[in-house]
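Participant: sequence below, structure please.
(2 chains)
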There are 2 protein chains.
Amino acid sequence: MKGRPQAYANLATLKMPPDDETPEKTPFIKDIPPKAADLSEWYQAVCYKAELVSLAPVRGCVVLRPYGYGLWERLQSELDRRFKATGHENACFPLLILESLLTREAEHVEGFAPEVAWVTHGGNEKLTERLAIRPTSEVIIGTMYAEWVQSYRDLPILINQWANVVRWEKRTRPFLRTLEFLWQEGHTAHETETEAAAEVAQMLEVYREVAEDIVGVPVYKGEKSASERFAGATHTYSIEALMPDGKALQAGTSHELGQNFSRAYDIRFAGRDQTEQYAWTTSWGMSWRMLGAMIMVHGDDTGLRVPPKMAPIEVVIVPLAGKGSTTAADFATTLAGELRGEFRVKLDDRDLRPGNRFAHWDIRGVPLRIVVGERDLSEGAVTIVRRDVPLADKAGRESKVPIANISTEIRRLLVEIQANMLREAQEFLKAHTIAPASHDEFIAMATDRAGMLDIPWCNRAECEAAVKEQTSASSRNLREPARGPVCLACGEPAKVQAYFAQSY
Amino acid sequence: MKGRPQAYANLATLKMPPDDETPEKTPFIKDIPPKAADLSEWYQAVCYKAELVSLAPVRGCVVLRPYGYGLWERLQSELDRRFKATGHENACFPLLILESLLTREAEHVEGFAPEVAWVTHGGNEKLTERLAIRPTSEVIIGTMYAEWVQSYRDLPILINQWANVVRWEKRTRPFLRTLEFLWQEGHTAHETETEAAAEVAQMLEVYREVAEDIVGVPVYKGEKSASERFAGATHTYSIEALMPDGKALQAGTSHELGQNFSRAYDIRFAGRDQTEQYAWTTSWGMSWRMLGAMIMVHGDDTGLRVPPKMAPIEVVIVPLAGKGSTTAADFATTLAGELRGEFRVKLDDRDLRPGNRFAHWDIRGVPLRIVVGERDLSEGAVTIVRRDVPLADKAGRESKVPIANISTEIRRLLVEIQANMLREAQEFLKAHTIAPASHDEFIAMATDRAGMLDIPWCNRAECEAAVKEQTSASSRNLREPARGPVCLACGEPAKVQAYFAQSY
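Facilitator: The predicted structure follows:
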């Protein structure tokens, strides 16, 4: 059994304040405060100071600035490639949904209606029926699938949509919860339940792979409990990451919708046996929330640390002398041109002090910096600085590299940094995945946000509600079999093994 | 002087019916009607039959289906690459705009307010201030630029956004006019008017290049008249294409906004001379309308014809025998695998009659079909069929190609088809660009939709209004100098040379 880790005592001090303290205008950030002192203050400071987002004039909405959008484009391209490789195609469905359509699947509307933004007027006219801005697109897509599907030959339909959605949240925070957000939503329709289940498992695995191998954020895969399930789904699966403050973050979900939506929206087909059947549908989504996880998991007191595979800029080249016809500046320009074929490269030859330029890219978490100085050049070398190694460890961070070896060394370092950042995050997750020894320890740890609490659980909604009431923690996801006879929360017979934690 | 072309008499028969005849549900299309008989009926039939779009449950909205989205992705990637090569970055601004912000630039709000969809409720609460769904984003982006720009060192800002926008149109038609549409909107801010003007010219040239070299649709570049100018701009430039019914289609616009928006939204900066100055801003956009132009310009009685550079699938491989372990099917599978490294390839080995499979891809306009049959194979060859050549011209359309030469031949044919389709469209545009000999001929031709009418013009709003009243035609765009002393429309002194036409 895993013990209580050293770091446990520190987590609870990393509190995020109440969400509704979001400022009205993007605050000016002079210095990034220490991450360990106040995670929330640090997080928001990094988001603004690294120019990932600005606050928009509409409450709860953010602007994704170019560098933040660059991160999103990296995530998009990694996901999109995998969606296409697994046979999915992109499409685009309307933003607006008729109220009468939205209300057709009872559980679904109950789950989403309180969060819907309503359009009531078009131009100068009042509409006869209100239109919802999509909070998610099962309704509109289900309606279209009903039109497109006649026979089993029309199945499966494997479609993904890159979209903006709106959910009227009371409390907001960049990436983690905003009124409007960017995401992708996959929607598929199948002939059989087995195929639908396989699709859901496949896409959950794509999410796990992208989270871990690309974003460097280790996650636990599992099924959600009934109370945490997507409104209208028969099974919801998730990947769950652990943040430095001991709270879990759901970073991707994949849903079996059974025949609920096909019955509500009439997706019927003539089967192989000539009988009329309802399709089995799924949906799955990942949003820019994943970027929030990346920021919290990897960032440090200097700012962002971006894993190379997510980096809009992998290598920044900084000539010490700045722009001009000096040897260093000329060399830097030539080097940037040569490296561009293989890496995402930025040349920063602005007429600013080197220290200012270093800080600019350190805050943005660029994995590698190549410093080009006259003295190094006279020795036939440049200095390469790693962003993943702490400032204090100068020897581990900086190395002098002969000019002839630059690309080989960049290639090697990018692989090493990617692996190193994942490993660090894995160690943190492992150290904070705890099997409490007793009911009392479970309750204490859940209250104190000790991490992912791994317990045998009864899988009853009443038990989950009681734990939540007492500790603010809920089940993150479940797997079988239970690794103990009784539920550590309530003493009833255990049915599953569950991760409990407070969550974003 | 260009004469009245032979084809002139035919154009007026290609009438599009009133726009509000859009059906409520996607109609089932059995056969595509002849293009020459009724362009509108043909156009809608192609859009539905090629599965580019479906009609959505909300009036005036369409679903962009996977094949249609594939066309959009091609256009996107060609534009995006050029935006980045010219120093622009992508970002994402909110969908919703406070009413009080929208109304700050007087001309802008007058132009757009009648088309705005209004959000009045969030969840169960009535909002204290209505929110507009963006019809375009000058307002929200201007507000953010005001926050981001302090000094001339912060300029230029070169940002593009890929977005959905909503305009409450009364009449709709797939791609050409819909309530919600996909587009990109570039928004830049500059230190000087000269720089802003250069940006606007540069992006207009990007649009021309993509329209002609990628979409194969030749266009005229020029400045819009005052009455056709973007609401709030000081200069609007456009590219204008000519459709087969003699109507022009504006396919991209680029605007100098002067200091109008920077004054309204307060984009001020400390200049090099320490004085406070207002930034010079621009905006420019191209939408999925470009796909509508592509469909109308290139399509034929069989369906779409897609220029290779726009084709989601460049080559479809059809084994005559269908799926199975026949020589042809095996060869087709291997060939598809080999060609995939270089071309966008689809293998269609469905268990359907070859003729049905041929028709399926002909309707979708795939540029090349490789037919794999046992007999050809025994001679060491396959048959390659071009989509751009008319069905009747079997010799020009089909060729037997030795297996060893397949990729070379595909490469050659794709280049030839791209060039051929552009040339055909250029010939049509040239044949229907007419300099009328007299006022009466101008009025008759404008009424009859003879094409792009190239006249010396006075550039007066009163004259344009009179022409529009009498003929439904308006100026498409203008250039200098006038090629005649007097305006052919009204007899006043000519100031510019103008293209007049009816338009979409």
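Participant: residue A:80 is in contact with residue A:206, correct?
Facilitator: No. In this structure residue A:206 lies outside contact range of residue A:80 using Cβ atoms under 8 Å: 10.8 Å. For every residue, glycine as well, the C-beta is placed using N, CA and C.
Participant: for residue A:103, see how far away the residue nearest the centre of chain A is.
Facilitator: With distances taken as Cα atoms, centre = their mean, the residue of chain A nearest its centroid is residue A:290 (1.1 Å). From residue A:290 over to residue A:103 the distance is 31 Å, taken as Cβ to Cβ, to the nearest Å.
Participant: give me the more crowded residue out of residue A:206 and residue A:80.
Facilitator: residue A:206 (21 against 17; other Cβ atoms under 10 Å in any protein chain shown).
Participant: could you point out which residue ranges in chain A have low pLDDT?
Facilitator: A:1-24, A:322-325 (pLDDT under 70).
Participant: quick one, domains of it?
Facilitator: Following automatic domain parsing, chain A resolves into domains at A:62-297, A:313-415, A:435-501.
Participant: out of those, deepest packed?
Facilitator: domain A:62-297 (a mean of 21; mean count of other Cβ atoms under 10 Å in any protein chain shown).
Participant: SS state for residue A:274?
Facilitator: Assigned with DSSP: H, G, I helix; E, B strand; the rest coil, residue A:274 falls in the coil class.
Participant: tell me the contacts of it?
Facilitator: The contact partners of residue A:274, by Cβ atoms under 8 Å, 6 or more residues apart in numbering or on different chains, come to none.
Participant: cool, and residue A:481?
Facilitator: A:496-497.
Participant: confirm that it sits in a helix.
Facilitator: No. If the criterion is three-state DSSP, then residue A:481 is coil and not within a helix.
Participant: now it: how far from residue A:433?
Facilitator: Where residue A:433 is concerned, residue A:481 sits at a distance of 18 Å (Cβ to Cβ).
Participant: could I get the full set of strands for the stretch 251-400 of chain A?
Facilitator: With DSSP state E, counting those that start in this stretch as the criterion, the stretch 251-400 of chain A has strands at A:268-270, A:276-278, A:280-287, A:315-319, A:345-347, A:368-372, A:381-386, A:398-402.
Participant: could the ones you listed be laid out in TSV, adding distance to residue B:191?
Facilitator: Formatted as TSV, these follow (distance: least, Cβ to Cβ, whole Å):
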stretch	distance to residue B:191
strand A:268-270	61
strand A:276-278	62
strand A:280-287	37
strand A:315-319	25
strand A:345-347	22
strand A:368-372	29
strand A:381-386	34
strand A:398-402	38
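Participant: out of these, which is closest to residue A:462?
Facilitator: Nearest to residue A:462 among these is strand A:280-287; the distance by Cβ to Cβ comes to 28.3 Å.
Participant: just how off-centre is the closest one within its chain?
Facilitator: In terms of Cα atoms, centre = their mean, to the nearest Å, the centre of strand A:280-287 is found 15 Å from the chain centre.
Participant: show me which residues of the stretch 201-350 of chain A are close to chain B?
Facilitator: By Cβ under 8 Å from any Cβ of the partner chain, no part of the stretch 201-350 of chain A sits against chain B.
Participant: the helices in the stretch 201-350 of chain A, which residues?
Facilitator: A:260-265, A:289-298, A:327-339 (DSSP state H, counting those that start in this stretch).
Participant: which residues sit against the last one?
Facilitator: Applying Cβ under 8 Å, 6+ apart, the set of residues contacting helix A:327-339 from outside is A:315, A:317-323, A:345-347, A:349, A:370, A:372-374, A:377, A:382, A:406-407, A:410.
Participant: also the first one?
Facilitator: For helix A:260-265, the surrounding residues in contact (Cβ under 8 Å, 6+ apart) are A:101, A:104-105, A:107-108, A:138-139, A:142-143, A:145-146, A:189, A:232-234, A:267-268, A:278-281.
Participant: repeat for the second one
Facilitator: Contacts with helix A:289-298, where a contact means Cβ under 8 Å, 6+ apart, come from A:39, A:43, A:46-47, A:52, A:68, A:71-72, A:75, A:173-176, A:181, A:210-211, A:215-217, A:241, A:243-244, A:249-252, A:304-307, A:310, A:365, A:421, A:425, A:428, A:504.
Participant: can you give me the end-to-end span of stretch A:83-101?
Facilitator: 28 Å (Cα to Cα, to the nearest Å).
Participant: so how far is that stretch off the chain centroid?
Facilitator: Counting by Cα atoms, centre = their mean, stretch A:83-101 comes out at 20 Å from the chain centroid.
Participant: is it positioned near chain B?
Facilitator: Yes. Contact of stretch A:83-101 with chain B (Cβ under 8 Å from any Cβ) involves A:89-98, A:101.
Participant: the residues you listed in strands, which ones?
Facilitator: Among these, the members falling in strands (DSSP state E) are A:89-90, A:96-98.
Participant: nearest to chain B, of those residues?
Facilitator: Nearest to chain B among these: residue A:89, at 3.7 Å, using Cβ to the nearest Cβ.
Participant: what angle sits between the longest helix along chain A and strand A:368-372?
Facilitator: The residue-count maximum for a helix in chain A (DSSP state H) belongs to helix A:406-431. Relative orientation of helix A:406-431 and strand A:368-372, computed by axes from the mean of the first three to the mean of the last three Cα atoms, to 10 degrees: 140 degrees.
Participant: mind giving me the packing neighbours of helix A:406-431?
Facilitator: Contacting helix A:406-431 under the criterion 3 or more Cβ pairs under 8 Å, 6 or more residues apart in numbering or on different chains; DSSP states H and E are the following elements: strand A:235-242, helix A:289-298, helix A:327-339, strand A:368-372, strand A:381-386.
Participant: what sits opposite the closest residue to residue A:149 other than its chain neighbours in the beta ladder?
Facilitator: In this structure, residue A:149 finds its nearest non-sequential neighbour in residue A:269, 5.0 Å apart by Cβ to Cβ, 6 or more residues apart in numbering or on different chains. In this structure, residue A:269 bridges to residue A:277 when assessed by DSSP bridges.
Participant: residue A:112 contacts residue A:133, doesn't it?
Facilitator: No. With contacts counted by Cβ under 8 Å, residue A:112 stays clear of residue A:133, the gap being 11.1 Å.
Participant: circling back to that earlier point, what would the helices and strands packed on helix A:406-431 look like in JSON lines with distance to residue B:438?
Facilitator: Output for the helices and strands packed on helix A:406-431, formatted as JSON lines (distance: least, Cβ to Cβ, whole Å):
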{"stretch": "strand A:235-242", "distance to residue B:438": "73"}
{"stretch": "helix A:289-298", "distance to residue B:438": "64"}
{"stretch": "helix A:327-339", "distance to residue B:438": "59"}
{"stretch": "strand A:368-372", "distance to residue B:438": "70"}
{"stretch": "strand A:381-386", "distance to residue B:438": "73"}
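Participant: residue A:166: which of those is closest?
Facilitator: helix A:289-298 (15.1 Å).
Participant: can you tell me the SS state at residue A:81?
Facilitator: helix.
Participant: just the strands in the stretch 1-150 of chain A please.
Facilitator: A:53-55, A:62-64, A:89-90, A:96-98, A:117-122, A:125-133.
Participant: what's in contact with the second one?
Facilitator: What that stands for is strand A:62-64. For strand A:62-64, the external contacting residues (Cβ under 8 Å, 6+ apart) are A:52-56, A:72, A:174-175, A:178, A:182, A:288, B:91-94, B:144.
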